[in-house]
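Trainee: Sequence and predicted structure, then a few things I'm wondering about:
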Amino acid sequence: MNVNKSLVQITVTLVLILFHINANAQSSIQFQKLSLAEAKAKAKKENKLIFLDGYTSWCAPCKWMEGNVFNQAAIADYYNTNFINTKFDCEVGEGIEIAKKYNIRSFPTYLFLDSEGVLVYRTQSRMEMDEFLKEGQQANNKDFHIPTLQARYAAGERDPAFLLRHIEVMKNVDPKESQSARAAVDELAKNEDFMKSEIGWKAIMQLGQTGTDPYGSYFLKNKAYFKEHVPAAEFLAKEQQLLRFAMYGYIRDKNKEEFQKGLQYFTSNPDQEAQIEGAMYEVEWVASHGTDDDFIQLTDKLRKGLLKDQAERLSFIARRNSGKYATGSTPTGARVLQCYVLAKQAVELEEDSYSNQGTLAEICILLNKKQEAIKAAEAARALAEFETSKIIKIADKLVERAKSI
C-alpha cells in the first residue's frame, strides 16, 4: 500500500510539473525552430500567416520586447493562435539572406508573410503591448495587406479612410508611396469641412505630430471646436502629444513665457505621472538656462519630494547633466557633485539596475572616486550579463576605466 501510495504521489507530482511547464509555455509567443521554407510549408498546411521576428543579439529593444511584450498572456494567445511564429538573427545563417531579401535594416523588424513568402504586412521597433497586439490584428486583416493596398492605390482609389490606412502601412514598406498618399490627404485637408469631419479628425490624430504641421496647427487653432465634438480621451491625448513636442522647443528657444504656461499644464494636473513629467521639463529648463545653484536647489527639492522614489528619473537627470552629453555647457564641479548625489540615491532605490550602476560609476570616475567607481562598475558588469553582448563590452570598458583612476 505504501508503495502504491508513493507511486500515486509521484504521478501526481509529474502531472503538476508538466501542467506548470505547459502553462508557462503558453504565456509567451511560441517561436518555432523552422527554416523559412519549413515555415512556409506549415503556414500553407494550417492556412496561417508567418510572423517573423527579425532581431540581432545586440539589439536592446529586441530584448525588451522579449521580456515585456512577447510574454504577455493576451499577446501569446493571439500570436500562438493566428500565426506560425519564427525568429531569425539577421546577422547569422539564414537570417542574413532574409534580411537582404526583405530589406531589414533596423531591429527589431516584424514581417508577416503568406505561405509563398510574400510580404503582406510589416512593422518595427519597440512598442507597448496594446500596440503590438493591434499590429498583429491588422496583419490578419486583408484591408491592411500590402499587396491589396498597392493594387487599390494603383487602380486610383482615393477614399480618405483608405488613404490613411495606406499611409499607416506603407510608411514601413515604401516611404515614397506613403508620401504620395499623404499628398492626396494634404489636398483634402485644405477644406474646412473635411478637417471638421469624423475622417478629418482621424487624419489629425494620425498625422498631426507637431504644432507647426498642418494637422497639429489646425487642431491648436480650433481646440474649442474639437473639445466639444471629439471623444475626450482622444482630445486629451492629442493635446498632450503636441504640448510635449512644444516644450522642448520652448526650452531650445528660451521662450520662458510659453514654457511656464506649458509647465503649469503638467504641474496643476492631479495625476502624479503628469506632475513628474512637468518636473522633468523644469529640470531641463534650469539645466539649460539656470545657474548651478538653481539646478542644485531644484533637484534637491525633487529628490526629497516628487522624485524621491523615482530611481530611473533620478539616474536620467544625473546622467544627462554630468558627462559629455550634458545639457548646455560643460558641467561644473558643483553640478557634477549634485549629479553624484542623485545617482547614488537612484542606486540605493534600485541597485539591480544596470543603468543606475553604470551612471554612478561614470560620475565617480569623473570625480576620481576610485573605490566607489570600481564597486559600481563591477555591479554594472554583473548586471550586464542579462543585457546584450554590446552592453557587456561597454561594461567591461567601464570596469577598466574605473580601475585605471
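Mentor: The structure has been received and is ready for your questions.

Trainee: ranges for the helices of the stretch 101-250 of the chain?
Mentor: 129-139, 146-154, 160-170, 175-188, 192-195, 198-207, 214-221, 223-229, 232-253 (DSSP state H, counting those that start in this stretch).

Trainee: by contact count, what packs against the longest one?
Mentor: Translated: helix 232-253. helix 198-207, helix 214-221, helix 223-229, helix 256-267, helix 272-289 (3 or more CB pairs under 8 Å, 6 or more residues apart in numbering; DSSP states H and E). (C-beta placed from N, C-alpha, C; glycine too.)

Trainee: Hmm, Y110 is touching M127, no?
Mentor: No: using CB atoms under 8 Å, Y110 is not in contact with M127; the gap is 9.4 Å.

Trainee: So which of those two has more stuff around it?
Mentor: Per other CB atoms under 10 Å, whichever of Y110 and M127 has more neighbours is Y110, with 23 against 18.

Trainee: before we move on, back to that, so for L243, which of the helices and strands packed on helix 232-253 sits nearest?
Mentor: Nearest of the helices and strands packed on helix 232-253 to L243, taken as CB to CB: helix 256-267 at 5.6 Å.

Trainee: Can you show me the CA trace of the closest one as CSV?
Mentor: As requested, the backbone C-alpha atoms of helix 256-267 are provided in CSV (Å, rounded to 0.1, in the frame of the first residue of the first chain):
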residue,chain,number,x,y,z
LYS,A,256,10.1,81.4,-20.9
GLU,A,257,6.5,82.7,-21.1
GLU,A,258,5.2,79.8,-23.2
PHE,A,259,7.3,77.3,-21.2
GLN,A,260,5.7,78.5,-18.0
LYS,A,261,2.3,78.1,-19.5
GLY,A,262,3.1,74.6,-20.6
LEU,A,263,4.7,73.7,-17.3
GLN,A,264,1.5,74.9,-15.5
TYR,A,265,-0.5,72.4,-17.6
PHE,A,266,1.5,69.5,-16.2
THR,A,267,2.2,70.6,-12.6
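
Trainee: helices or strands up against that helix?
Mentor: By 3+ CB pairs under 8 Å, 6+ apart, helix 256-267 packs against helix 232-253, helix 272-289.

Trainee: The last one: which residues count as buried?
Mentor: By neighbour count with 16 or more other CB atoms under 10 Å, helix 272-289 contains the buried residues 276-287.

Trainee: Tell me which helix or strand comes right after that helix.
Mentor: Following helix 272-289 in sequence order, the next helix or strand is helix 292-304 (DSSP states H and E).

Trainee: low pLDDT regions in the stretch 301-405 of the chain?
Mentor: Low-confidence segments of the stretch 301-405 of the chain (pLDDT under 70): 324-331.

Trainee: just to revisit the earlier point, format the helices and strands packed on helix 232-253 as TSV; extra columns: mean pLDDT and distance to N71.
Mentor: Putting the helices and strands packed on helix 232-253 into TSV (pLDDT from 0 to 100; distance: least, CB to CB, whole Å) gives the following:
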stretch	mean pLDDT	distance to N71
helix 198-207	98	30
helix 214-221	97	36
helix 223-229	97	38
helix 256-267	97	33
helix 272-289	97	24
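
Trainee: Rebuild those as a markdown table, extending it with distance to A76.
Mentor: Putting the helices and strands packed on helix 232-253 into a markdown table (distance: least, CB to CB, whole Å) gives the following:
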| stretch | distance to A76 |
| --- | --- |
| helix 198-207 | 29 |
| helix 214-221 | 36 |
| helix 223-229 | 38 |
| helix 256-267 | 36 |
| helix 272-289 | 28 |
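
Trainee: on that earlier part again, got any residues that touch both of Y110 and M127?
Mentor: Common neighbours of Y110 and M127, using CB atoms under 8 Å, 6 or more residues apart in numbering, are E135.

Trainee: and the gap between the closest residue to N82 other than its chain neighbours and V118?
Mentor: Spatial nearest neighbour of N82, excluding adjacent residues (CB to CB, 6 or more residues apart in numbering): N140 at 5.7 Å. Distance of N140 to V118, computed by CB to CB, to the nearest Å: 15 Å.

Trainee: higher neighbour count, these two?
Mentor: Set N140 next to V118 and count neighbours by other CB under 10 Å: N140 wins out with 17 against 12.

Trainee: between the buried residues of helix 272-289, which is nearest F316?
Mentor: Closest approach to F316 among these (CB to CB): M280, at 7.9 Å.

Trainee: Show me which of the helices of the stretch 101-250 of the chain has the highest average neighbour count.
Mentor: With neighbours taken as mean count of other CB atoms under 10 Å, these reach their highest mean count in helix 160-170, at a mean of 20.
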